[in-house]
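> with the input below, show me the fold.
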Amino acid sequence: MLRIHGSVRSRATRTLWMAGELGLSYEHNDILPRSPATKTAEFLALNPNARLPVIEDDGFVLSESMAINFYLAKKHKSPLYPSDPKNESLALQWSFWETDRTDRQITDYVNNTTGPEDQRNKAVADAAWAALVASLEVLNGALAKTSWLAGPDFSIADLNVAGALYRALFLDLAAWPNVARWLARCWDRPAAKKVRAMREG
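As a prediction, the model looks like this:
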């Protein structure tokens, strides 16, 4: 039995989305990042880093959302995992790119522009936005040449990057029309809609 630890308001978003795409049954331990539940001895035995998400899959324990998604897609022989080595490499490329170029940047920008006013830091928001703009330019340019990031169809690459860009659904992306169209297509998938309803419900 698959067990997913992590709130849908964390990076577990993309793990829950992947489980939905694969049609998997799972138990969901809905805990928030940095919450007391991540500091218990039981949880730290699963992930000493005290970070989310973590999965338990019939005794196999794995953390880091990107690794989890590649594991699940490959284990279940999903077409979301590219069979062609070049497209597989592109999926890895874009997933690694996302963790470096958009994940923290969009979180810092949104938290410091829409969070409680006494917790906002304009300098952090401005730096995050500048970095995010540069990344959106790169992504927009790539999507001018192809509909999807790793081959002719929606794949784990699109899921991983779009999952991290959930907050971008609420930003003005007019300057990056290719990103806006691609992001809408990704989040229009049934499994994505379910995760979004979980997150916003």
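> give me the phi and psi for Asn111.
phi -60, psi -30 (degrees, to the nearest 10).
> which ones are touching Ser78?
With contacts defined as Cβ atoms under 8 Å, 6 or more residues apart in numbering, Ser78 is in contact with 21-22, 72, 156. Glycine gets a C-beta too; all of them are placed from N, C-alpha and C.
> how does it look with 6 Å?
Leu22 (Cβ atoms under 6 Å, 6 or more residues apart in numbering).
> let me know the pLDDT of it.
You'll see Ser78 listed with a pLDDT of 98.
> can you check the one 5 residues further on too?
Taken from the predicted model, the pLDDT recorded for Ser83 is 96.
> cool, Gly201 as well?
Per-residue confidence (pLDDT) for Gly201: 87.
> also Glu98?
In this model, Glu98 carries a pLDDT of 97.
> so it makes contact with Ala164?
Yes. If you go by Cβ atoms under 6 Å, Glu98 and Ala164 touch, sitting 5.1 Å apart.
> for the helix ranked longest in the chain, the distance to its chain's centre please.
Scanning the chain for the helix with the most residues, using DSSP state H, yields helix 122-143. On the basis of Cα atoms, centre = their mean, to the nearest Å, helix 122-143 sits 17 Å off its chain's mean C-alpha point.
> any idea which helix or strand comes after it?
Per DSSP states H and E, the first helix or strand lying C-terminal to helix 122-143 is helix 156-164.
> just checking, what packs against that following helix?
helix 12-22, helix 85-101, helix 177-187 (3 or more Cβ pairs under 6 Å, 6 or more residues apart in numbering; DSSP states H and E).
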